[in-house]
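> sequence and predicted structure below; questions after.
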Amino acid sequence: MYSNSFPMQNKYLYILLLILASFSASAQGLLKGAVYENGTNNKLPDVFIRDKNTRQLTITDKQGNFSIKTEAGHILIFECPGYVSDTLYVVDLTQKKIMLQTQTIALREVSVSSTRTNFDPHKEYPEIYEKSKVYVLSPSTWFSKDAKDARRLKKYFQHEQEERRIDQAFSRAYVGSLVPLKGRELENFMVLYRPSYAFVTSNEATSMAVYINDSYKKYLALPPEKRALPKLDTVNAK
């Protein structure tokens, strides 16, 4: 009797495994959506999207649309130069509409900058650089969505590295040591006269100090209403 019941037990176990496998497969899915500029109908291309739980990466296309493999319970991070970063806690895989707030004050605090300067995308995301390679005898490396997204992510990483390099040379602490500005006034000044990456990499510290002092003279020559930037509203709508 025991020997006859064993196949039946195996059958139940097999059915249970199929149910669990089906549940696991359904848990993983593709989340689609679009990213907009808050308060407008403008869709945003080149928004960097990262699944914090799995490190899965993607980027919005030219129409601001995206798709990413994720599941309920994961956290997605949305980042785009010139906009306030935002996060989404994934509750379900229904299509999402993400709104990013424009970032008038595009400065990073000194304490934050010091922890971000070691960013090396080659080490953190080597798979992106591998997928971005183009091989003559491999059409998929030219035309596949993964390959195209990887190349666009490379450009994003390059821009981020350049911005961090500017942060190092044009830090709040350094600029504040050269001009008698504090708080909001210092932030406004740094936004108005933030140097380019080309300037930072082609000039030495002495040239940067001269640039800051010259910029401060120009700042003082501005009428008061031209020195102040709009206050940043960080409330994002979804």
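Nice, I can see it.
> does residue 68 sit in a helix, a strand or a coil?
Per DSSP: H, G, I helix; E, B strand; the rest coil, the local secondary structure of residue 68 is strand.
> for the residue lying closest to residue 154 once chain neighbours are set aside, give me its contacts.
Counting by CB to CB, 6 or more residues apart in numbering, residue 154 lies nearest to residue 132, which is 5.1 Å off, once chain neighbours are set aside. For every residue, glycine as well, the C-beta is placed using N, CA and C. Residues near residue 132 by CB atoms under 8 Å, 6 or more residues apart in numbering: 147, 150, 151, 153, 154.
> separation between residue 132 and residue 211?
35 Å (CB to CB, to the nearest Å).
> wait, doesn't residue 58 sit right on residue 70?
No - with contact defined as CB atoms under 8 Å, residue 58 and residue 70 do not form a contacting pair (9.7 Å).
> hmm, back to that, for residue 56, see how far away the residue nearest to residue 154 is.
Distance check for residue 132 against residue 56: by CB to CB, it reads 16 Å.
> go on, residue 196?
Noted for residue 196: a distance of 33 Å to residue 56, by CB to CB.
> packing partners of the top strand by length along the chain?
Counting by DSSP state E, the longest strand found in the chain is strand 29-37. Here strand 29-37 touches strand 65-70, strand 96-100, going by 3 or more CB pairs under 8 Å, 6 or more residues apart in numbering; DSSP states H and E.
> chain center to it: distance?
Centroid separation for strand 29-37 versus its chain: 14 Å, with CA atoms, centre = their mean, to the nearest Å.
> cool, thanks, talk later.
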